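Undergrad: structure of the sequence below:
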Amino acid sequence: MVNDLVVDLSRLQFAATALYHFLFVPLTLGLTVILAAMETIYVTTGRDIYKQMAQFWGKLLLINFALGVATGLTMEFEFGTNWSFYSSFVGDTFGAPLAIEGLMAFFMESTFIGLMVFGWDRLSRGQHLVVTYLVALGSNFSALWILVANSFMQHPAGAEFNPVTMRMELESFGSLFFNPDAQAKFVHTVLAGYVTAAIFVCGISSYYLLRGRSLEFAKRSFRVASVFGVLGAGGVITLGDALGYVGAHVQPSKLVAMEALWETEPAPMAFNAIAFPNQAEQRNDFAIQIPAVLSILVTHSLTGTLPGVDTLEAEARERIRNGIPAVLAMEKLSSNPKDEEALVQFAAHKADVGYALLAQRYAPDLTQITDEQVAQAARDTIPEVWIVFWAFRFMVAFGLLMLAYMVFAMLISLTNQIEKRRWFLWAGVLMIPVPFLACEMGWLVAEVGRQPWTVYEMLPTWLSASTHSESYMIFSITGFVLLYTIFAIIEVFLMLHFIRKGPDEPGAHGAAQLAGGY
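TA: Numbers count the residues shown, from 1 in each chain. Below you'll find the predicted structure:
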């Protein structure tokens with residue numbers, strides 16, 4: 001019998017490590033590209049101020065990159081330690097993009113970042129610029145393959161389930177790579193990283209302007225980042241809309257949680273701007289609605305509609321019952337893989353096998369399942385609505401705030417008004433945490449919204465976890481949280497140390513200064 005507490009603790013541990021790791025990822029993605037832009041200006045104009053900018057922001061990138069690697073490596077081991085059945089189930093498919101990420105992207109990024117930071121006096125301008133571009137390319141390639149793997153969990157395209165081996169076997173690498181969820185999510189996530197880096201650079205530049213330090217450096221850094229950030233913020237919102245549109249078709253259960261849509265409504269559907277979802281009674285205790293907006297946002301029309309929780313649960317009950325013969329056929333195939341009757345029975349019901357596996361949590365013997373157990377499993381197909389609902393709204397609110405900030409930052413920078421707007425400089429410093437919070441909210445929407453599945457509609461989360469003891473999981477979580485908190489403190493300490501120290505004078509040896517600082 002499954003230990004629900006062990007499953008929940010395994011989820012908590014992976015969530016904690018992933019959220020810590022994701023504090024470092026977006027800044028790395030964006031800073032590499034901003035550095036490439038700054039250095040391109042330096043190489044084409046020959047102005048040392050842009051070299052000074054590239055060297056300084058490169059130091060902060062190196063700190064962030066090192067701690068991002070330290071927090072990210074352990075996550076891949078968690079698949080084997082805490083999610084052993086999941087690893088066996090998806091290893092043939094999930095492992096391919098992860099292996100490519102390591103060989104093609106991570107090694108390239110980690111190799112060239114050393115040359116980028118320590119090669120200023122050893123490489124020509126053109127050679128160093130190529131290295132910087134390779135670092136940016138490697139970091140973005142790394143994100144691409146990680147998101148291809150993640151999108152397989154959200155929408156398992158390109159693989160077929162083998163009932164004999166109990167594995168998802170890769171059939172089409174092209175379908176895996178060109179998964180619509182992967183493509184939209186990649187651009188959305190990468191652009192979110194660009195905005196994170198832009199606000200980070202603007203915020204620190206604002207600090208220097210408030211202190212009256214390194215004024216030329218700060219103004220030019222602010223200008224490059226603000227233009228970069230406007231483009232990124234607009235793209236994040238646009239691709240976020242695309243992800244919502246894809247999600248309406250691929251993961252309707254996540255979408256109803258994002259919108260707290262308990263009952264199917266006729267078009268045009270109202271948008272719940274604010275609501276207090278009550279999952280136990282499947283209603284909103286309080287809601288402020290905007291008429292017709294949900295249909296426009298999700299279906300891009302006034303006539304489009306979405307199934308609510310009531311409709312999705314009714315469909316889930318049917319799919320659970322339809323999937324039971326497939327699970328029973330799998331039990332026969334486990335003892336006789338060549339049982340033709342069982343193979344035919346599985347093929348007829350394989351589309352719903354995941355729903356029957358979901359119901360096994362409550363009815364280990366599916367031949368004895370009751371209507372109440374079917375209904376209970378169907379209710380599980382809807383994720384925790386209040387978490388997804390509010391995480392989505394905070395993410396959107398932060399996104400709109402960042403867009404407004406970046407537009408105004410670009411305008412006052414291009415009109416040389418930045419030093420006269422001290423209130424805006426203070427706002428820039430206070431804005432630094434906002435993109436990180438937005439990224440964390442986005443992660444919650446994506447991952448909590450996928451529940452109760454590790455592989456959507458194929459592998460339930462309750463079946464995926466390893467069989468550890470509760471005490472082991474508590475000890476493991478405590479250790480990871482303490483270790484990662486130390487990493488976060490180190491990141492903040494090193495960042496503040498180099499920010500207080502400020503940029504080197506143009507022409508100084510950036511690598512030597514960095515080593516001396518350490």
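Undergrad: show me where the stretch 201-350 of the chain has strands.
TA: With DSSP state E, counting those that start in this stretch as the criterion, the stretch 201-350 of the chain has strands at 271-278, 283-290.
Undergrad: determine which stretch of those is the most buried.
TA: Of all these, strand 271-278 carries the top mean neighbour count, a mean of 18, counting by mean count of other Cβ atoms under 10 Å. No exception for glycine: its C-beta is placed from N, CA and C like everyone else's.
Undergrad: who does that one touch, helix- and strand-wise?
TA: strand 283-290, helix 293-299, helix 385-414 (3 or more Cβ pairs under 8 Å, 6 or more residues apart in numbering; DSSP states H and E).
Undergrad: in terms of mean pLDDT, which of the ones you listed ranks lowest?
TA: Lowest mean pLDDT within the helices and strands packed on strand 271-278: helix 293-299, a mean of 81.
Undergrad: which parts of that one are buried?
TA: Within helix 293-299, the residues that count as buried by 16 or more other Cβ atoms under 10 Å are 294-295, 297-299.
Undergrad: before we move on, the earlier item: and of the strands of the stretch 201-350 of the chain, who's closest to residue 408?
TA: Across those, residue 408 has its closest neighbour in strand 271-278 (24.2 Å, Cβ to Cβ).
Undergrad: quick one: strands adjacent to that closest one?
TA: strand 283-290 (antiparallel) (DSSP bridges).
Undergrad: got the buried residues of helix 293-299 as JSON lines, with distance to residue 267 columns?
TA: Shown next, in JSON lines, are these (distance: Cβ to Cβ, whole Å):
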{"residue": "294", "distance to residue 267": "9"}
{"residue": "295", "distance to residue 267": "5"}
{"residue": "297", "distance to residue 267": "13"}
{"residue": "298", "distance to residue 267": "11"}
{"residue": "299", "distance to residue 267": "8"}
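Undergrad: nearest to residue 92 among the residues you listed?
TA: Checking these one by one against residue 92 (Cβ to Cβ), the nearest turns out to be residue 298, at 34.2 Å.
Undergrad: hang on, isn't the closest one packed against residue 244?
TA: Yes - Residue 298 is within contact range of residue 244, at 6.0 Å (criterion: Cβ atoms under 8 Å).
Undergrad: overlap in contacts, the two.
TA: Both residue 298 and residue 244 are in contact with residue 255, where contact means Cβ atoms under 8 Å, 6 or more residues apart in numbering.
Undergrad: ok, back up a step: between the helices and strands packed on strand 271-278, which gets nearest to residue 191?
TA: helix 385-414 (10.5 Å).
Undergrad: relative to strand 271-278, how tilted is that closest one?
TA: If you take axes from the mean of the first three to the mean of the last three Cα atoms, to 10 degrees, helix 385-414 sits at 140 degrees to strand 271-278.
Undergrad: how near is the nearest residue in space to residue 195 that is not next to it in sequence to residue 183?
TA: Spatial nearest neighbour of residue 195, chain neighbours left out: residue 232 (4.2 Å); criterion: Cβ to Cβ, 6 or more residues apart in numbering. According to Cβ to Cβ, to the nearest Å, residue 232 stands 17 Å off from residue 183.
Undergrad: between the two, which is the more surrounded one?
TA: Remark: of residue 232 and residue 183, residue 232 carries more neighbours, 28 against 18, as counted by other Cβ atoms under 10 Å.
Undergrad: isn't the more buried one up against residue 199?
TA: No - judged on Cβ under 8 Å, residue 232 makes no contact with residue 199 at a distance of 9.5 Å.
Undergrad: now do the shared contacts for the two.
TA: In contact with both residue 232 and residue 199: residue 406, using Cβ under 8 Å, 6+ apart.
Undergrad: so where is this structure shaky, pLDDT-wise?
TA: 1-2, 245-248, 504-518 (pLDDT under 70).
Undergrad: tell me, how many residues neighbour residue 215?
TA: 13.
Undergrad: run a quick neighbour tally on the nearest residue to it once chain neighbours are set aside.
TA: Leaving aside its sequence neighbours, residue 215 sits nearest to residue 209 (Cβ to Cβ, 6+ apart; 6.6 Å). Using other Cβ under 10 Å, residue 209 has 24 neighbouring residues.
Undergrad: again with residue 202
TA: Neighbour tally, residue 202, other Cβ under 10 Å: 32.
Undergrad: residues contacting it?
TA: Listed by Cβ under 8 Å, 6+ apart, the contact set of residue 202 reads 222, 225-226, 229, 406, 409, 428, 431.
Undergrad: for the residues you listed, which single residue is the most surrounded?
TA: Highest neighbour count within those, by other Cβ under 10 Å: residue 225, with 34 neighbours.
Undergrad: I figured that residue hits residue 195, correct?
TA: No - using Cβ under 8 Å, residue 225 is not in contact with residue 195, being 9.9 Å away.
Undergrad: residue 252 is nearest to which of the helices and strands packed on strand 271-278?
TA: That would be, of those and by Cβ to Cβ, helix 293-299, which comes in at 10.0 Å.
Undergrad: let's check: the centremost residue of the chain is which one?
TA: residue 443 (4.5 Å; Cα atoms, centre = their mean).
Undergrad: if we can go back for a sec, for the strands of the stretch 201-350 of the chain, which one sits closest to residue 16?
TA: Here strand 271-278 is closest among those (Cβ to Cβ), at 24.2 Å.
Undergrad: show me how far the closest one is from its chain's centre.
TA: Its chain's average C-alpha position is 24 Å from that of strand 271-278, according to Cα atoms, centre = their mean, to the nearest Å.
Undergrad: same question, stretch 448-460
TA: 16 Å.
Undergrad: how about stretch 489-501?
TA: 26 Å.
Undergrad: can you dump the C-alpha coordinates of it into PDB?
TA: Extracted as PDB, the C-alpha positions of stretch 489-501 are listed here (Å, rounded to 0.1, in the frame of the first residue of the first chain):
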ATOM      1  CA  ILE A 489      23.300  33.200   1.500                       C
ATOM      2  CA  ILE A 490      26.600  32.700  -0.200                       C
ATOM      3  CA  GLU A 491      25.100  34.100  -3.500                       C
ATOM      4  CA  VAL A 492      23.700  37.200  -1.800                       C
ATOM      5  CA  PHE A 493      27.000  37.700   0.100                       C
ATOM      6  CA  LEU A 494      29.200  37.500  -2.900                       C
ATOM      7  CA  MET A 495      26.900  39.600  -5.100                       C
ATOM      8  CA  LEU A 496      26.700  42.300  -2.400                       C
ATOM      9  CA  HIS A 497      30.500  42.200  -2.000                       C
ATOM     10  CA  PHE A 498      31.200  42.800  -5.700                       C
ATOM     11  CA  ILE A 499      28.400  45.300  -6.100                       C
ATOM     12  CA  ARG A 500      29.700  47.400  -3.200                       C
ATOM     13  CA  LYS A 501      33.200  47.200  -4.600                       C
END
